[in-house]
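[1] Show me the folded form of this:
(one chain, ligands or ions: 1)
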Amino acid sequence: MSHLLHIDSSVGAESVSRQLSAYFAEEWRNNHPGGGYVYRDVSAQPIPHITHPVHQALVYPDSDHGQSAQEQELTAAITNELLEASVLVLGVPMHNLSVPSTLKSWLDRVVHPAHMVRPGKTGPLSGKKVVAILSRGGSYAPGTPREGHDFQQSYLKAIMEAIGLGEDLTFVTAEFTMASAAPQMAHLKPLAEASLANAYDTLGKLAQ
Ligand SMILES: Cc1cc2nc3c(=O)[nH]c(=O)nc-3n(C[C@H](O)[C@H](O)[C@H](O)COP(=O)(O)O)c2cc1C
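    Here you go, the predicted model:
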C-alpha cells in the first residue's frame with residue numbers, strides 16, 4: 001500500500017511551503033484512496049538536537065549508550081515513519097541560504113551509517129519518491145545577483161543522495177515569496193505569482 005509522509009518546517013502563519021505541501025498531500029490522498037498518511041510538523045513540535053548518547057545509539061545501535069527512553073522512542077518513531085513511507089513530501093523554507101534548523105534536527109536522526117549508501121548503490125531507504133517544496137523570499141536563479149548562494153537545494157540534494165533518496169527526487173520551488181510584503185520587491189510580484197502557479201501545477205502532476 002502507498003504511504004505518504006508529509007513534513008513541514010515553516011515558522012510562518014501564512015506559509016507558502018505549507019500551502020503547497022498541503023495541496024500536494026490533499027491531491028495525493030485523493031488520488032490514492034486507502035493510502036497511508038503521516039504528518040510531522042518539525043516547527044510546531046521541534047525535534048531536540050542530538051546529544052552524544054543519541055548519536056552513539058545511531059552509530060552503534062547494538063550497544064546501550066544510556067540515552068533516555070524518550071529519546072529512543074523519538075528516534076524510533078522518526079525512523080519508522082520514514083521507512084514506512086513510499087512518498088515523502090517536504091515543505092522547506094529557505095532560512096539563511098539553507099534549510100531550517102528544525103529540519104536539520106530531523107535529518108540528524110535519519111542520516112546515519114545504517115541508512116547511508118555509496119554512489120550507485122541502494123540502501124534501506126531507496127525506492128521512495130521524494131518531493132521537496134522549497135520557498136524563498138528572493139531568487140537564486142541563474143543570472144540573479146545571488147546565483148550560487150542557494151545552499152538549500154544543493155544541501156538537500158546531497159544529503160538525500162547520501163541516504164538513498166536521490167533517485168526519484170524532485171524540487172518544486174516558489175521564489176520571490178516576500179514580494180507582496182516588501183515594498184522594494186513590489187515590481188517582482190508578477191514573477192512571484194508565476195512561480196507559485198508553476199509550483200501548484202507541477203505538484204498537481206507529481207501527486208498523480
Ligand atoms: C529565519 C529566516 C531566514 C530567511 N533567510 C532567507 C534567505 O536567506 N534567503 C531568502 O531568499 N529568503 C529568506 N527568508 C525568507 C523565507 O525564505 C520566505 O519568507 C519563505 O517564503 C519562507 O517559507 P514559508 O512561506 O513557507 O514560511 C528567511 C526567512 C526567515 C524566517
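[2] hey, where'd the helices end up in this protein?
    Remark: helices assigned in the chain by DSSP state H are 16-31, 52-59, 69-84, 101-110, 151-162, 189-206.
[3] among these, which is nearest residue 172?
    For these, proximity to residue 172 was assessed by CB to CB; helix 189-206 is nearest, at 5.0 Å. Glycine gets a C-beta too; all of them are placed from N, C-alpha and C.
[4] What is that closest one packed up against?
    Secondary-structure packing of helix 189-206 (3 or more CB pairs under 8 Å, 6 or more residues apart in numbering; DSSP states H and E): helix 16-31, strand 129-135, strand 168-174.
[5] Adding mean pLDDT, distance to the ligand and mean neighbour count, write those out as JSON lines.
    Formatted as JSON lines, the helices and strands packed on helix 189-206 follow (pLDDT from 0 to 100; distance: least, CB to the nearest ligand atom, whole Å; neighbours: other CB atoms under 10 Å):
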{"stretch": "helix 16-31", "mean pLDDT": "98", "distance to the ligand": "3", "mean neighbour count": "19"}
{"stretch": "strand 129-135", "mean pLDDT": "98", "distance to the ligand": "4", "mean neighbour count": "24"}
{"stretch": "strand 168-174", "mean pLDDT": "98", "distance to the ligand": "7", "mean neighbour count": "18"}
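[6] Quick one: the ones you listed as TSV, columns for distance to residue 193 too.
    Shown next, in TSV, are the helices and strands packed on helix 189-206 (distance: least, CB to CB, whole Å):
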stretch	distance to residue 193
helix 16-31	12
strand 129-135	14
strand 168-174	10
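[7] picking that back up, for the helices of the chain, which one sits closest to residue 134?
    Per CB to CB, nearest to residue 134 of the helices of the chain: helix 151-162, 5.8 Å.
[8] residues of that closest one that come out buried?
    Buried residues in helix 151-162, counted by 16 or more other CB atoms under 10 Å: 152-153, 155-156, 159-160, 162.
[9] would you turn those residues into TSV with pLDDT and distance to the ligand?
    Shown next, in TSV, are those (pLDDT from 0 to 100; distance: CB to the nearest ligand atom, whole Å):
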residue	pLDDT	distance to the ligand
152	98	8
153	98	12
155	98	13
156	98	14
159	98	18
160	98	19
162	97	23
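[10] which of the residues you listed sit farthest apart?
    152 and 162 (16.2 Å).
[11] Any regions of the chain where pLDDT drops low?
    By pLDDT under 70, the chain contains no weakly predicted segment.
[12] check contacts around the residue nearest the centre of the chain.
    Centroid-nearest residue in the chain: residue 90, 3.0 Å away (criterion: CA atoms, centre = their mean). Shown in contact with residue 90 (CB atoms under 8 Å, 6 or more residues apart in numbering): 7, 9, 21, 103, 130-133, 156.
[13] before we move on, what about residue 148?
    Listed by CB under 8 Å, 6+ apart, the contact partners of residue 148 are residue 140.
[14] mind checking how far it is from residue 142?
    9 Å (CB to CB, to the nearest Å).
[15] repeat for residue 92
    For residue 92, the distance to residue 142 (CB to CB) stands at 21 Å.
[16] More neighbours: the two, which one.
    Neighbours per residue (other CB atoms under 10 Å) separate residue 92 from residue 142, with residue 92 holding more: 26 against 7.
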